[in-house]
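Novice: Quick check, what structure comes out for this input:
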Amino acid sequence: MGKEFFLRVPTVLGLQGAPEILPTQIGGLSKTGNKQIDFVFNLYDIAVKVGKKFNLAPLIILAQASIESAWGTSLLAKMNNNFFGVTAFGKPNQYWD
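Specialist: Numbers count the residues shown, from 1 in each chain. Now for the predicted structure:
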């Protein structure tokens, strides 16, 4: 993954210049100073693994997670590692506990 990959993510999402993707520092230390790049660095390997299991493109997984979790800065994402706002009920299984 090169710099070009990270520059394309907002373009693919159609969010160029949107306030939701402007770099901000919310809690914790940033590796790069850019929350979008940190988000992708931190979650790309997981998105690849999940994508293979469910036949989904990792970029699509990260794009949806970035929108629903404000690039991982939402309270639900920070406190519960929940990047999609989905809750569940029932017996714990391999996907949630």
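Novice: For the chain, which residues score under the pLDDT cut-off?
Specialist: Scanning the chain for pLDDT under 70 picks out 1-30, 88, 95-97.
Novice: Next, the buried residues of the longest helix seen in it.
Specialist: The residue-count maximum for a helix in the chain (DSSP state H) belongs to helix 35-54. Residues 35, 36, 37, 38, 39, 40, 43, 44, 47, 51 are the ones in helix 35-54 that count as buried (16 or more other CB atoms under 10 Å). Where C-beta positions appear, they are placed from N, C-alpha and C, glycine not excepted.
Novice: same for it, what does it pack against?
Specialist: helix 3-13, helix 58-69 (3 or more CB pairs under 8 Å, 6 or more residues apart in numbering; DSSP states H and E).
Novice: can you pull the alpha-carbon coordinates of that helix into PDB?
Specialist: Once non-C-alpha atoms are left out, helix 35-54 reads as follows in PDB (Å, rounded to 0.1, in the frame of the first residue of the first chain):
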ATOM      1  CA  LYS A  35      -6.800   9.900  11.100                       C
ATOM      2  CA  GLN A  36      -7.800   8.400   7.700                       C
ATOM      3  CA  ILE A  37      -4.300   6.900   7.100                       C
ATOM      4  CA  ASP A  38      -4.100   5.700  10.700                       C
ATOM      5  CA  PHE A  39      -7.500   4.100  10.300                       C
ATOM      6  CA  VAL A  40      -6.500   2.200   7.100                       C
ATOM      7  CA  PHE A  41      -3.100   1.200   8.500                       C
ATOM      8  CA  ASN A  42      -4.700  -0.200  11.700                       C
ATOM      9  CA  LEU A  43      -7.500  -2.100  10.100                       C
ATOM     10  CA  TYR A  44      -6.300  -3.100   6.600                       C
ATOM     11  CA  ASP A  45      -5.100  -6.500   7.600                       C
ATOM     12  CA  ILE A  46      -8.300  -7.300   9.400                       C
ATOM     13  CA  ALA A  47     -10.300  -6.100   6.400                       C
ATOM     14  CA  VAL A  48      -8.400  -8.400   4.100                       C
ATOM     15  CA  LYS A  49      -9.000 -11.400   6.400                       C
ATOM     16  CA  VAL A  50     -12.700 -10.600   6.800                       C
ATOM     17  CA  GLY A  51     -13.000  -9.900   3.000                       C
ATOM     18  CA  LYS A  52     -11.600 -13.300   2.200                       C
ATOM     19  CA  LYS A  53     -14.000 -15.100   4.600                       C
ATOM     20  CA  PHE A  54     -17.100 -13.300   3.200                       C
END
